[in-house]
Each structure stands twice: as structure tokens, then as C-alpha cells.
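>>> Show me the folded form of this:
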Amino acid sequence: MTEKNILAYFNSPEQAEGAAKKLEALRVEDLSINRFSRYAGVGPSGASYTPGVSGSYSSWVPGALGTNATAGIMAAADPSASGMSDGGQGGPTGKDVLLTVVVDEAVHHRALSIIEQAGGMI
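Modelled structure (predicted):
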């Protein structure tokens, strides 16, 4: 029995979960759904902010530093973290949900079709 791996990207966890339910009927070997962000160790919104002296959100600081200080610094330095930036204020709008699935080679093409019908990008 030969296995095939599929990595598919979705706009929302709900889309990925819908595809996963249909894929389970094919008796997948392994399946996982994960959300990722631009910088490891930082939530999907990038950096967190603290109110500035005037009460406005103008003072940006690295968010969720934990043990990965570099990721927080990179997120805070991103143009979307600036109050002067024209983009990125709405958070991630792309395909930031990853569906990883391992299927038998015999059902690989059916699995690809299910993912594409659910709105996934392979």
C-alpha cells in the first residue's frame, strides 16, 4: 500500500473541516488542520499593541514573545504593524489554514477533487 501526501490551503478552518469530513470517508491514514502566521511563535494578527500616551493605539510592541523574541521583533517591524500603514489592519485575509492529509495512492485523485470542491488550493 503506497501513500500520498497532500498539502492544501484554505481561507477558513470551517472550509478545511468540511473537506476533512468528506476525506474521512476515504479512510485517510493521517489528517491535521493547522493555522499559521507569517512569523513563528506569533499569533495570526502579527503584533499586539498597547495604547500610546494620548490613548491612541500608536505604540506597537512585539506580541506573544514567550521564548521566541525574534518572531515578536519581526512582527512588530512589519509594515502592517504601523499605524501609518495602508494594509494589514484587517488581519490575515489569505489562505492561512493548512490541511495536511495522507491517503492511499488508490484514492489520491478523489481526495484532490474533494479538496478542490471544498475551496482548497493544492
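
>>> Confirm residue 75 sits in a helix?
Yes - under DSSP: H, G, I helix; E, B strand; the rest coil, residue 75 sits within a helix.

>>> And it, how close does it get to residue 33?
23 Å (Cβ to Cβ, to the nearest Å). All C-beta atoms are positioned from the backbone trio N, CA, C, and that covers glycine.

>>> The lengthiest helix in the chain: what's the following helix or strand?
Ordering each helix of the chain by length in residues (DSSP state H) puts helix 13-24 first. Counting by DSSP states H and E, the element after helix 13-24 in chain order, helix or strand, is strand 30-35.

>>> what pairs with that following strand, and is each one parallel or antiparallel?
Sheet partners assigned to strand 30-35 using DSSP bridges are listed as strand 97-104 (antiparallel).

>>> Pull out the buried residues from the strand it pairs with.
Judged by neighbour count using 16 or more other Cβ atoms under 10 Å, the buried positions of strand 97-104 are 97, 98, 99, 101, 103.
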